[in-house]
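Engineer: Here's my sequence, what's the structure:
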Amino acid sequence: MDAQVVNLAKKLDTFSKHWSPKTIEQFNGHDLMVVKCQGEFNWHSHDDTDDFFLVVKGALKIEMRERTVELKTGELFVVPKGIEHRTVADEEVHLLLIEPTGTPNTGDAATAAAREEI
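Structural biologist: Predicted structure coming up:
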């Protein structure tokens, strides 16, 4: 068995680029990813999968056309599939994301960040 303990803070310390999710582990066909965000991401949706966000550090707004959700450290939210949304971080925020492996972070493979493992 080669399972290992993953320290989220240490993984997040290994990079500084915003909006570039890093895969830290895989779980039942899903990527567990960390990402740093600041500013506004583009509006997008995922037709085939929900979008999971857990705030590890900081505060995040998830804007949807009908409402805005505000999350603080330790809080999570799942955007249902097909709902157009964007994330907004006034200050740098650290997130844990869980998505089926291969899901483009922008909802479009042509504009998505490349998958990178750390």
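
Engineer: On the three-state scheme, residue 9 is what?
Structural biologist: Three-state call for residue 9 (DSSP: H, G, I helix; E, B strand; the rest coil): helix.

Engineer: OK, contacts around it?
Structural biologist: residue 56 (CB atoms under 8 Å, 6 or more residues apart in numbering). (C-beta placed from N, C-alpha, C; glycine too.)

Engineer: need the strands for the protein, in chain order.
Structural biologist: Along the chain, the segments classed as strands by DSSP state E run 22-27, 30-40, 51-57, 59-64, 68-72, 76-79, 85-100.

Engineer: okay, those in TSV with mean pLDDT, mean neighbour count and distance to residue 13 next?
Structural biologist: Putting the strands of the chain into TSV (pLDDT from 0 to 100; neighbours: other CB atoms under 10 Å; distance: least, CB to CB, whole Å) gives the following:
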stretch	mean pLDDT	mean neighbour count	distance to residue 13
strand 22-27	94	16	11
strand 30-40	96	19	10
strand 51-57	96	19	11
strand 59-64	98	18	19
strand 68-72	98	14	21
strand 76-79	97	15	22
strand 85-100	96	18	10
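
Engineer: Just put those in TSV and tack on distance to residue 117.
Structural biologist: Below are these laid out as TSV (distance: least, CB to CB, whole Å):
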stretch	distance to residue 117
strand 22-27	5
strand 30-40	9
strand 51-57	18
strand 59-64	24
strand 68-72	26
strand 76-79	23
strand 85-100	14
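
Engineer: Between these, which one is closest to residue 115.
Structural biologist: strand 22-27 (6.2 Å; CB to CB).

Engineer: Next, the angle from that closest one to strand 85-100.
Structural biologist: Using axes from the mean of the first three to the mean of the last three CA atoms, to 10 degrees, the inter-axis angle of strand 22-27 relative to strand 85-100 is 40 degrees.
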